[in-house]
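J.: How does the following fold in three dimensions:
(chains A, B, C and D)
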2 protein chains.
Amino acid sequence: MKELLRPDLPFRLNGRLWIEGPDDRFMGIGRLELLQHIHALGSISQAAKAMGMSYKRAWDLVNSLNRQARQPLVGTQAGGTRGGGAVVTAEGLELIREFEAMQARFQAFLAAEGQRLTQ
Amino acid sequence: MKELLRPDLPFRLNGRLWIEGPDDRFMGIGRLELLQHIHALGSISQAAKAMGMSYKRAWDLVNSLNRQARQPLVGTQAGGTRGGGAVVTAEGLELIREFEAMQARFQAFLAAEGQRLTQ
DNA sequence: CTTCGTTATGTTTGTGGAAATATAACGACG
DNA sequence: CGTCGTTATATTTCCACAAACATAACGAAG
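T.: Modelled structure (predicted):
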């Protein structure tokens, strides 16, 4: 493979992994990071800001996650102390763990396959 | 994982794999199919038509492939008998073979990981 | 020297999806 | 109640990117 590529340019193997439902994506790397930020910050709006994403987009993603899950993955409260907030539920935490693991195995796959590009 | 998903919806794992250079994609599933069509039909324009793609887009992809390869992957001739044509070079054929193989290993990975969603 | 189907390349137009904007509701708390 | 930061949701604006369109050049062959 290497012999085919221009030797003066650095190439790398990349890829994406996601879980899709019949009419909507369910999980992917972006949603994983969003869940992680919500878990760390306790709010959708702060997570969105931290990721440079509009609140609406973040909320739409959370809504899509919750709609496709058996139980809510993110619990929300509007109003109240400090205006409200959001928490990642136990189910949400499990999804984070499992998708992180799947993602790690995918990275390993990419690294192994990527060897073929250089050597 | 399965316990998290709505049981009335079918979910599946999906993904993409590609090789990228510093400022442009080099190879992906779409380019693979384009190369296969060019090889089968002997012309960029016929390959584009067969794929429902504009000629310009197909030509841009071929150009991107050739610019990033050590040797041309697709040889072209403008004018002449039947207006000219395009051939996939030996190097192009090798790229097809190797990327097909990589793609097959990726599909196997997806299938193995996808088991976790259902069972 | 015209025709033909192709490669080659620039320009214009369209459009899907993201981003931006706007507004309402929520509820604890002082 | 009025304030505050948030969730919730609809509407409008914007823009990157694809598609469409246009045109030139190519070269064998009649």
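
J.: and stretch A:48-60, which residues are buried?
T.: A:48, A:50, A:53, A:58-59 (16 or more other C-beta atoms under 10 Å in any protein chain shown). Any C-beta I mention is one placed from the backbone N, CA and C, and that applies to glycine too.

J.: hmm, I was thinking of stretch A:86-96
T.: Those would be A:86-89, A:91-92, A:95-96, for stretch A:86-96 by 16+ other C-beta under 10 Å.

J.: now, which of the buried residues of stretch A:48-60 lie close to DNA strand D?
T.: A:W59 (C-beta under 7 Å from any atom of the strand).

J.: still on that earlier bit, quick one: which of the buried residues of stretch A:86-96 is nearest to A:R116?
T.: Set against A:R116, the nearest of the buried residues of stretch A:86-96 by C-beta to C-beta is A:I96 (31.5 Å).

J.: Phi, psi for the closest one please.
T.: Main-chain dihedrals, A:I96, degrees, to the nearest 10: phi -50, psi -50.

J.: again with A:D23
T.: Torsion angles, degrees, to the nearest 10, at A:D23: phi -140, psi 10.

J.: pLDDT wise, what is it at?
T.: A:D23 carries a pLDDT value of 84.

J.: Same question for the one 10 residues further on.
T.: With respect to pLDDT, A:E33 scores 95.

J.: Verify the stated contact: it with A:M53.
T.: No: the criterion here is C-beta atoms under 8 Å, and A:E33 misses it with A:M53 at 9.6 Å.

J.: Greatest separation within the buried residues of stretch A:48-60: which pair is it?
T.: Greatest spacing in those, by C-beta to C-beta: A:A50 and A:W59 (14.6 Å).

J.: From chain B, how far out is A:G114?
T.: Separation of A:G114 from chain B (C-beta to the nearest C-beta, to the nearest Å) stands at 9 Å.

J.: ok, which residues in chain A are in contact with chain B?
T.: A:1, A:3-7, A:9-22, A:26, A:68-71, A:73, A:91, A:94-95, A:98, A:102, A:105-106, A:109, A:113, A:116-117 (C-beta under 8 Å from any C-beta of the partner chain).

J.: If we use 6 Å, what do you get?
T.: Residues of chain A lying close to chain B by C-beta under 6 Å from any C-beta of the partner chain are A:1, A:4, A:6, A:9, A:11, A:13-22, A:68-70, A:91, A:95, A:98, A:102, A:109, A:113.

J.: Just the buried residues from these, in PyMOL please.
T.: Of the residues of chain A next to chain B, the buried ones go into a single PyMOL selection, burial set by 16+ other C-beta under 10 Å:
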select buried, chain A and resi 1+4+11+13+15+17+18+19+20+21+68+69+91+95+102+109+113
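
J.: Which of the residues of chain A next to chain B fall within helices?
T.: A:68, A:91, A:95, A:98, A:102, A:109, A:113 (DSSP state H).

J.: Report the contact partners of the closest residue to A:L5 other than its chain neighbours.
T.: Once flanking residues are discounted, A:L5 sits nearest to A:F11: 5.4 Å by C-beta to C-beta, 6 or more residues apart in numbering or on different chains. Contacts for A:F11 (C-beta atoms under 6 Å, 6 or more residues apart in numbering or on different chains) come out as A:5, A:117, B:19, B:21.
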